[in-house]
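# Give me coordinates for this.
(2 chains)
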Amino acid sequence: MMDPAALAQADDVGQVQHRGRLWRTFRRNRPALAGFVFFCAFLVLAAIGAAVTSGREPLVDPGRVRLEERLRPPLSPARDGANPPFLGIYLLGTDDLGRDLFARMLEGAWVSLTVGFIAVGISVSLGILAGGIAGYYGRRLIRLRHAALALTLVAGTILGWSGHLPAGLLLVAAALWAGLGMRRRRQEKGRPRRPGLLDRPLIDIDGFLMRIVDILLCFPSFFLILTVVALLPPRMITIMAVIGLTSWEGTARFVRAEFLSLREREFVDAARALGVGDPGILFRHMLPNALGPVFVSATLGVASAILTESGLSFLGFGVPPPHATWGNLLADGRRFLFDAPWLTLAPGSAILAVVLSFNLFGEGLRDLLHPQAREGR
Amino acid sequence: MTAFLARNLKRKLVTLFLVTVVSFLIIHLAPGEPAQVDPLNPKFTPEMVERFRRAFHLDRPLPIQYVLFYRDLFTGRSVSWKDNRPVLEKIGERFLNSLPLFAAGTLLTWTLAFPLGIHAAVRRGGFFDRGTAFFAYGFISLPGFFFAYLLILLVVNTLAVPVLGMETYGFEDAPVLYRLNDRLWHLLLPAGLGSATGIAVLSRYVRSQMLEVIHQDYVRTARAKGLPEETVLYKHALRNALLPFLTMFGLLLPGLVGGSVIIESIFSWPGLGRLAYEAILARDYPVILTLNFIAAVLVLLGTLLSDLLYAAADPRIRLE
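Numbering: from 1, shown residues only, chains lettered A, B, ... in the order given. Below you'll find the model as predicted:
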């Protein structure tokens, strides 16, 4: 018998070796490594950019208008002495208002990144939530009383929202009271009751959630995003929310599949036998095992969110002006395509490089996490 | 089989109904309404707005509006709020414009992606494989309209390929052959662009499918039997690798409606995507909702079609 300390140490060594092996495999995948390095460099750059361009007196001011220096080509020296651009030259030229494109790109890096990460954050959390519930609690039935309860709640909220506050509050309160009653009755577990009309099963949770996914898949996603963004007031948060809310189906599907198979595994049985509660099993034992593919799809998702934002900007529904994003810089630049091509080329190449690095990194991760696929090639 | 069809159709109809409800709610619960699109226009007196609201049932409660709207849609009576033309006529006309673009794009995608992907899989790790991987990732990561502008810069400055619209202005009286030629030239850039991303994605997918199949036991058996490499690759491996693509074939259908907003905007191509965009800008609810309905029908038809195709091609699958 080994004593526990030695055992723990051996375990640590095993972990370290495992990590080392993963890292070595990853390093051998040149494109993925390049993607990763670029990705980190971009993060640092975006952070620096946010630091230098924000605040009351930023080091380089992206919003400074210099009307006498409009559409200067890249690398031309600045004549504005009061608030000179970085190094005193316009590294990437100026736009039609004489603003320094380099400074605007620096500012946009942070905003673009925020859009990508928050949108993906929303979609991934929704996907994990829906997929996890469908995979773990999927076989439980939604009965008529649950549906009635939910309907009352929603009706109450809508009523309360649209001006009939007392009626709405009454409905919500009634729903909450009925819900608590249901919960108490389930905990009593006394004599079996005869199932009444309200106990009629409608659909199981899994079927319900997958039906929602089916409905979402019926909307062409870009069309849906465009419709919603066009109808809502133009704000940065709506764009992030809409991109996130319309792209969680993929994550939900494979988290569900993963949970369905994990649920039957021995270690989950063992945890249950030890008395671990549902949250513990879900979050401590199952979720970490399902996170690999989620991480891959999140990385690829950031790339596609940045692309979607630039597409929306092109159509005039992107992140609205004071904020510069690479998407709307690119979209604005097209008016001067022939006179000032740098206004198109600089943000376009930046988007290409960043999205490419996210994609390569994501694909590399996927290879890493799917050893079967790796051996196949 | 019949049972499968019946159950499937029922399920799809329920989904379709829910889609109509959801899309109707999204449109109508969003803040603002079409009667207020232009509050500064002096022609929009309160009486005008009131008449407008009555004419389009906007003064009725939402559920009744819903019923009225879909009744009008199915009886073909719904008209665009923008120009009072029947919605279906408008959509039909734009559909005919979109069709060649869609067909050319799809044809390009599917004819190019397969040879590229298969070749890359067979010469795995070689120069060709790496080259296509490089370009594929490039195309996937490129914002579509940025690429379009790069091409326009190139094309307008060096080659004489027409860039905008469906045909050259004033060409209506030209002989048929000239017109056809002109049309084809106009099609070249948008179709090529539209298919670039598709080719990139699909060829990667073909490659990975092919690689997966090549390592199966039956391929090794075929090799061990001494079959020529061609037969092994194209008869034993490829046919099995093709199976998942039947599913994708069904999913192509919805691309007819939503796929090409950006491409059509860049090239001023008067197609369905452009129509959708214009309708969204003008808050032309009947057109938006009808397009959405058509898209949903196409998606549902597409999944049904791919299920059936799959069952027809793979004897292991039984639809019950």
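# From now on I want contacts and neighbour counts done on CA atoms only, so please keep to that.
Fine.
# Enumerate every residue touching residue A:175.
Applying C-alpha atoms under 8 Å, 6 or more residues apart in numbering or on different chains, we find residue A:175 in contact with A:149-150, A:152-153.
# among the residues you listed, which are in helices?
Residues from these lying in helices, with DSSP state H as the criterion: A:149-150, A:152-153.
# now those residues as a markdown table including neighbour count and distance to chain B?
Formatted as a markdown table, those follow (neighbours: other C-alpha atoms under 10 Å in any protein chain shown; distance: C-alpha to the nearest C-alpha, whole Å):
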| residue | neighbour count | distance to chain B |
| --- | --- | --- |
| A:149 | 19 | 20 |
| A:150 | 16 | 17 |
| A:152 | 19 | 17 |
| A:153 | 21 | 18 |
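# Read off the pLDDT value for residue 174.
This is for chain A. With respect to pLDDT, residue A:174 has a value of 83.
# wrong chain, I was asking about chain B
pLDDT at residue B:174 comes out at 68.
# How about residue A:274?
90.
# Could you measure from the residue in the stretch 151-300 of chain A positioned nearest to chain B over to residue B:187?
When scored by C-alpha to the nearest C-alpha, the stretch 151-300 of chain A has residue A:218 as its residue closest to chain B, at 4.7 Å. Look at residue A:218 and residue B:187: by C-alpha to C-alpha, to the nearest Å, they are 29 Å apart.
# And residue A:204, by the same measure?
49 Å.
# Give the residue from these two that has the larger number of neighbours.
residue B:187 (23 against 16; other C-alpha atoms under 10 Å in any protein chain shown).
# Pretty sure residue B:301 is one of the things the residue of the stretch 151-300 of chain A closest to chain B touches, is it not?
No: between residue A:218 and residue B:301 there is no contact under C-alpha atoms under 8 Å: 10.4 Å.
# Neighbour count: these two, which is higher?
Counting neighbours by other C-alpha under 10 Å for residue A:218 and for residue B:301 shows that residue A:218 has the greater number, 22 against 18.
# Output the lowest mean pLDDT helix or strand found in chain A.
helix A:371-376 (a mean of 48; mean pLDDT, DSSP states H and E).
# So which residues of the stretch 201-350 of chain A form strands?
A:201-204 (DSSP state E, counting those that start in this stretch).
# Quick check: residues of the stretch 251-377 of chain A near chain B?
Proximity of the stretch 251-377 of chain A to chain B (C-alpha under 8 Å from any C-alpha of the partner chain) is limited to residues A:303, A:307, A:310-311, A:314-315, A:330, A:334, A:337-338, A:344, A:348, A:351-353, A:355-356, A:359-360, A:373, A:376-377.
# If we use 10 Å, what do you get?
Residues of the stretch 251-377 of chain A lying close to chain B (C-alpha under 10 Å from any C-alpha of the partner chain) are A:303-304, A:306-312, A:314-315, A:327, A:330-331, A:334, A:337-338, A:341, A:344-345, A:347-360, A:372-373, A:375-377.
# What pLDDT is listed against residue A:113?
The model reports residue A:113 with a pLDDT of 86.
# From residue A:215, how far out is the residue in chain B that chain A sits nearest to?
Here chain B gets closest to chain A at one residue, residue B:296, 4.7 Å apart by C-alpha to the nearest C-alpha. Going from residue B:296 to residue A:215 by C-alpha to C-alpha gives 9 Å.
# Common neighbours of those two, please.
Common contact partners of residue B:296 and residue A:215 (C-alpha atoms under 10 Å, 6 or more residues apart in numbering or on different chains): B:15-17, B:19-20.
# any residues in contact with both of residue A:218 and residue B:301?
With contacts defined as C-alpha under 10 Å, 6+ apart, the residues shared by residue A:218 and residue B:301 are B:254, B:295.
# Quick one: end-to-end length of stretch B:54-71, please.
End to end - C-alpha to C-alpha - stretch B:54-71 spans 17 Å.
# which residues in the stretch 151-300 of chain A form helices?
Applying DSSP state H, counting those that start in this stretch to the stretch 151-300 of chain A gives helices spanning A:165-188, A:205-217, A:221-231, A:236-245, A:249-262, A:266-273, A:278-280, A:287-314.
# Pipe those into TSV and attach distance to residue A:67 per row.
Converted to TSV, the helices of the stretch 151-300 of chain A look like this (distance: least, C-alpha to C-alpha, whole Å):
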stretch	distance to residue A:67
helix A:165-188	53
helix A:205-217	48
helix A:221-231	32
helix A:236-245	28
helix A:249-262	48
helix A:266-273	67
helix A:278-280	60
helix A:287-314	25
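# quick one, which of the ones you listed is nearest to residue B:314?
Nearest to residue B:314 among these is helix A:249-262 (23.0 Å), distances taken as C-alpha to C-alpha.
# Alpha carbons of that closest one, as PDB, please.
Taking C-alpha atoms only, helix A:249-262 is exported to PDB below (Å, rounded to 0.1, in the frame of the first residue of the first chain):
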ATOM      1  CA  GLU A 249     -28.300  25.200 -31.100                       C
ATOM      2  CA  GLY A 250     -25.000  23.500 -32.100                       C
ATOM      3  CA  THR A 251     -23.600  23.600 -28.600                       C
ATOM      4  CA  ALA A 252     -26.900  22.400 -27.100                       C
ATOM      5  CA  ARG A 253     -26.900  19.500 -29.500                       C
ATOM      6  CA  PHE A 254     -23.500  18.100 -28.700                       C
ATOM      7  CA  VAL A 255     -23.700  18.900 -25.000                       C
ATOM      8  CA  ARG A 256     -26.900  16.900 -24.900                       C
ATOM      9  CA  ALA A 257     -25.300  14.000 -26.700                       C
ATOM     10  CA  GLU A 258     -22.300  14.100 -24.400                       C
ATOM     11  CA  PHE A 259     -24.400  14.200 -21.300                       C
ATOM     12  CA  LEU A 260     -26.600  11.300 -22.500                       C
ATOM     13  CA  SER A 261     -23.500   9.100 -22.700                       C
ATOM     14  CA  LEU A 262     -21.800  10.500 -19.600                       C
END
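# list the buried ones in that helix?
Neighbour-count burial for helix A:249-262 flags A:249-260, A:262 (criterion: 16 or more other C-alpha atoms under 10 Å in any protein chain shown).
# and what of stretch B:310-320?
residue B:310.
# Could you give the average pLDDT over that stretch?
75.
# What lies in contact with it?
For stretch B:310-320, contacts defined as C-alpha under 10 Å, 6+ apart pick out B:1-5, B:7, B:239-240, B:242-247, B:250, B:304-308.
# ok now it, how far from the chain's centre?
The chain centre lies 27 Å from the centre of stretch B:310-320; the measure is C-alpha atoms, centre = their mean, to the nearest Å.
# Alpha carbons only: can I get that stretch in PDB?
Provided in PDB are the C-alpha atoms of stretch B:310-320 (Å, rounded to 0.1, in the frame of the first residue of the first chain):
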ATOM      1  CA  TYR B 310     -30.400   8.700 -46.700                       C
ATOM      2  CA  ALA B 311     -32.900   5.900 -46.300                       C
ATOM      3  CA  ALA B 312     -32.800   5.200 -50.000                       C
ATOM      4  CA  ALA B 313     -29.000   5.200 -50.200                       C
ATOM      5  CA  ASP B 314     -28.100   3.300 -46.900                       C
ATOM      6  CA  PRO B 315     -29.800  -0.100 -46.600                       C
ATOM      7  CA  ARG B 316     -28.900  -0.100 -42.900                       C
ATOM      8  CA  ILE B 317     -31.400   2.700 -42.200                       C
ATOM      9  CA  ARG B 318     -35.100   1.800 -41.900                       C
ATOM     10  CA  LEU B 319     -37.700   4.500 -41.600                       C
ATOM     11  CA  GLU B 320     -40.400   3.300 -39.300                       C
END
